[in-house]
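A.B. asks: Provided below for reference: sequence and predicted model.
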Amino acid sequence: MANRGPSYGLSREVQEKIEQKYDADLENKLVDWIILQCAEDIEHPLPGRTHFQKWLMDGTVLCKLINSLYPPGQEPIPKISESKMAFKQMEQISQFLKAAEVYGVRTTDIFQTVDLWEGKDMAAVQRTLMALGSVAVTKDDGCYRGEPSWFHRKAQQNRRGFSEEQLRQGQNVIGLQMGSNKGASQAGMTGYGMPRQIM
């Protein structure tokens, strides 16, 4: 973690808003899933945002997580380092982020390395892990371990085929979004230029 002094003014307000988005219940669910998914002897962290950050900060748990979502022999991160050097740990976090994007997590759902490393936005880390779990459940390739109800299944493609006749008929229908002129008439309209009748 970076040694920064306390923030003041607008910076402090922004940081407090970001910290309010962090969900402690979601943290417990994610920790349980990561430990179950990795199926290794990973110790359970103490509850709380700072403990969750320290647990993930070196990148080893994240790399083990993404590797466990692939069949044996096809892991995207072949060598996971247990190094205590900061740049090695940050490099592992970025390897996880690249592998998560290749796995199918959208770029907009992926956190920045400093969000985890400096603890700036742990809610973004939670969102990335939730998105990763959702993609894993949706893929349904046998590598996901855990309750399928823990994550939302992403929508799949649902192509529809219409015949030429159906497409031609659709061109003659006025959609309700465009409004309707049925029942419209000029009955009761007064002539232009007549004064308004106030009673």
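C.D. replies: Noted; the coordinates are in hand. Numbering: from 1, shown residues only.

A.B. asks: Could you measure from A99 over to L62?
C.D. replies: Using CB to CB, to the nearest Å, A99 is found at 9 Å from L62. Quick note: C-beta positions are derived from backbone N, CA and C, even for glycine.

A.B. asks: Of the two, which one has the most company?
C.D. replies: The residue with more neighbours, out of A99 and L62, is L62; 27 against 21, by other CB atoms under 10 Å.

A.B. asks: Spit out the contact partners of that one.
C.D. replies: L56, Q92, I93, F96 (CB atoms under 8 Å, 6 or more residues apart in numbering).

A.B. asks: mind checking pLDDT for it?
C.D. replies: Note for L62: predicted pLDDT of 90.

A.B. asks: low-confidence ranges in the chain?
C.D. replies: Within the chain, the stretches with pLDDT under 70 are 1-8, 11, 15, 20, 174-197, 199.

A.B. asks: Let me see the ranges of the helices in the protein.
C.D. replies: Along the chain, the segments classed as helices by DSSP state H run 9-20, 24-38, 49-57, 60-68, 86-103, 113-117, 122-139, 164-170.

A.B. asks: I'd like to know which of these is closest to N158.
C.D. replies: helix 122-139 (13.7 Å; CB to CB).

A.B. asks: Between helix 49-57 and the closest one, find me the angle.
C.D. replies: Here helix 122-139 runs at an angle of 50 degrees relative to helix 49-57 (axes from the mean of the first three to the mean of the last three CA atoms, to 10 degrees).

A.B. asks: buried sites along helix 122-139?
C.D. replies: Residues of helix 122-139 classed as buried: 122-138 (neighbour count, 16 or more other CB atoms under 10 Å).

A.B. asks: Report all helices and strands that it contacts.
C.D. replies: The contact analysis (3 or more CB pairs under 8 Å, 6 or more residues apart in numbering; DSSP states H and E) places helix 122-139 against helix 9-20, helix 24-38, helix 49-57, helix 86-103, helix 113-117.

A.B. asks: sorry, back to before: can you redo the contacts of L62 as TSV with neighbour count and distance to S149?
C.D. replies: Shown next, in TSV, are the contacts of L62 (neighbours: other CB atoms under 10 Å; distance: CB to CB, whole Å):
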residue	neighbour count	distance to S149
L56	23	24
Q92	24	30
I93	24	29
F96	28	25
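
A.B. asks: okay if I get those as CSV plus distance to P45?
C.D. replies: CSV is the format used below for the contacts of L62 (distance: CB to CB, whole Å):
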residue, distance to P45
L56, 9
Q92, 17
I93, 17
F96, 17
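
A.B. asks: Between these, which sits nearest G48?
C.D. replies: L56 (12.9 Å).

A.B. asks: Touching, V125 and D115? I think so.
C.D. replies: Yes - the pair V125 / D115 is scored as a contact, 6.0 Å apart, by CB atoms under 8 Å.

A.B. asks: What residues does V105 make contact with?
C.D. replies: V105 makes contacts with T128, A131, L132, V135, as judged by CB under 8 Å, 6+ apart.

A.B. asks: Perfect, I'm done here.
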